[in-house]
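Colleague: Turn this into a structure:
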Amino acid sequence: MLYTKNDKFRLPNPKGIDKNISLEEYRTDWRRDYARLLHSPSFRRLQGKMQLFPCQENDFFRNRLTHSLEVAQIAKSITNKLNHTFKKQNKNYFIDSDLVEFAALAHDLGHPPFGHFGEEVLDKKMLEYGGFESNAQTLRILTKIEKKFLIKDSNVDIVTKNINKGKDIRLGLNLSMRTLASILKYDSEIPIKSLSRKKPQKGYYYTEREIVKTIKEKVTNDKQYSKDFKTIECQIMDFADDIAYSTYDLEDSLKAEFVKPIDLFCADESILKRVSKKVTLSLKMQVSLEDVRDRIYNLFSDILLASPPDENLKKQLDWKRSTYLAIEFANEQNNNHSKNSYYRTRFSSNLISKSINSISIDKINLKVPALTKVQFDIEKLIDVEILKNFIFELQILSPKVQIIAFRAKEIIETIFDVLSNKNGDSLLPYDFRELYKASVKKSDKMRIICDFIAGMTDRYAIEFYGRLTSENPQTIFKPF
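Modeller: So this is what the prediction gives:
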């Protein structure tokens, strides 16, 4: 079996059951956690956070919520495939799909407004106070920020009094340890001070050190383990995220006609080199510039191998006319990826299906079953990594998106500076303001401001910025 009683442990009750809820035999602990996530404000706010392009630009574009739903579907399909394989092999193992779906739905909770652009600014502002990183923020949201459970009675005054004493009694959604482990992607604590780094460091905050320690103790049953801590559910979620990112961000780009397959074929050599370098670092194996080019060609081979549908007609034509006809047909195929929804959907579906079928489990980790390794066929994984990094280079670093990035960073930086200046806390909503006042250390005060900004949707960040700068100011009667 892959699960133990310790997986169900919750704080603060050592039995792992909240005192104010009864035993519910009709649903598992994982399903209860799934429900808590689905009903949380942080999950709803994902609909207002951009994935690749601004949400308001086009209803077709994915946002963080629709992306998370797609990741959950892919993750569940992977889980079903692996469980089916276990059954065929008469192995007494079962991966809980509710846990996997939870991980997939929650994996982007910590993203601030404007995605990675906002993340860069918040990390820069928090370098002296523990940094900012979206995965670390996800864990913080689930274990502290969400307002469902406290160690004591649900009263803001009690929260602030305890924070004033240096103790945070907030429990967030009070999820089981195995559920929290499913979103713990990076097994390292982010340094409290790190002024030299140029981008956010993956990991968890020092403020969540104790809960991470408890998660590891319970999920591993205090057994020693090799390499990093990453559960089977977390691995499935991570692969599903990469599959969705590499496929659907490409689909959004094709639909918007910001990129066409021919752009990938004709990409500047400098882009190919950067993609090659990133994939090599990610997979810890050499993937050359030529490998990148060859795999892109193979993915879109229908265009490269384009020929008129009637081969007899081609034979009757002279070389020049035949060449023109081939170019015309190739151009039509190239445009199909953008303008023909059936064509584009079929292309995406095939990529997803092939990726799902490339994932397997070789053997169970009998010592710590939760840390069993999930394998992604290396050939398909290289394709996924190449597509993912190609989209980053072609779109996120493009002038169109960089203008968005410039504006987004200005908005987040302005809000943070205003709130962190003298008397800036007076602009915070009541609950955040009380937490800010009760905090003694400056690092804790800065973290409260960071939590508030990170929870904003793109629209709300723009609106709040407008209130501060008088740019399209909103009525003062509109609530926070």
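
Colleague: what residues are up against residue 102?
Modeller: 30, 33, 34, 37, 179, 182 (Cβ atoms under 8 Å, 6 or more residues apart in numbering). C-beta here means a position set from N, CA and C on the backbone, and glycine is covered the same way.

Colleague: So what's the gap between stretch 32-40 and the chain middle?
Modeller: Using Cα atoms, centre = their mean, to the nearest Å, the mean C-alpha position of stretch 32-40 is found 18 Å from that of the whole chain.

Colleague: Pull it out as PDB, backbone CA atoms only.
Modeller: Output in PDB follows, covering the C-alpha atoms of stretch 32-40 (Å, rounded to 0.1, in the frame of the first residue of the first chain):
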ATOM      1  CA  ARG A  32     -12.200  16.500   2.300                       C
ATOM      2  CA  ASP A  33      -9.000  18.400   1.500                       C
ATOM      3  CA  TYR A  34     -10.000  18.600  -2.100                       C
ATOM      4  CA  ALA A  35     -13.300  20.200  -1.100                       C
ATOM      5  CA  ARG A  36     -11.600  22.700   1.200                       C
ATOM      6  CA  LEU A  37      -9.400  23.800  -1.700                       C
ATOM      7  CA  LEU A  38     -12.300  24.100  -4.100                       C
ATOM      8  CA  HIS A  39     -14.300  26.400  -1.800                       C
ATOM      9  CA  SER A  40     -11.300  28.600  -0.900                       C
END
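
Colleague: Let me see the residues that make contact with that stretch.
Modeller: Surrounding stretch 32-40, the residues in contact under the criterion Cβ under 8 Å, 6+ apart are 24, 27, 43, 98-99, 101-102, 105-106, 142, 146, 148, 173, 175-176, 179.

Colleague: So for it, what gets flagged as buried?
Modeller: For stretch 32-40, burial by neighbour count (16 or more other Cβ atoms under 10 Å) applies to 32, 33, 34, 36, 37, 40.

Colleague: show me where this structure has strands.
Modeller: 149-150, 170-172, 359-360, 375-376 (DSSP state E).

Colleague: Quick one: closest of those strands to residue 65.
Modeller: Among those, the nearest to residue 65 by Cβ to Cβ is strand 170-172 (19.7 Å).

Colleague: Which elements pack onto that closest one?
Modeller: Contacts defined by 3 or more Cβ pairs under 8 Å, 6 or more residues apart in numbering; DSSP states H and E place strand 170-172 against strand 149-150.

Colleague: where's the nearest residue to residue 385 once chain neighbours are set aside relative to residue 353, distance?
Modeller: Of all residues not flanking residue 385 in the chain, residue 279 sits nearest, at 4.6 Å (Cβ to Cβ, 6 or more residues apart in numbering). Distance from residue 279 to residue 353, counting by Cβ to Cβ, to the nearest Å: 22 Å.

Colleague: the more surrounded of those two?
Modeller: Comparing residue 279 with residue 353 by other Cβ atoms under 10 Å, the one with more neighbours is residue 279, at 25 against 11.

Colleague: At which residues are the helices of the stretch 151-300 of the chain located?
Modeller: Along the stretch 151-300 of the chain, counting by DSSP state H, counting those that start in this stretch, helices occupy 156-164, 177-181, 209-220, 232-255, 261-265, 269-283, 289-299.

Colleague: quick one, domains of the protein?
Modeller: Recorded structural domains for the chain (assignment: automatic domain parsing) are 5-233+398-469, 260-384.

Colleague: Out of these, which is closest to residue 254?
Modeller: Of the domains of the chain, the one closest to residue 254 (Cβ to Cβ) turns out to be domain 260-384, at 4.9 Å.

Colleague: Run the chain-centre distance for the closest one.
Modeller: 23 Å.

Colleague: what's the span of it from first residue to last?
Modeller: Counting by Cα to Cα, to the nearest Å, you get 18 Å between the two ends of domain 260-384.

Colleague: Then stretch 249-264?
Modeller: Stretch 249-264: ends 14 Å apart by Cα to Cα.
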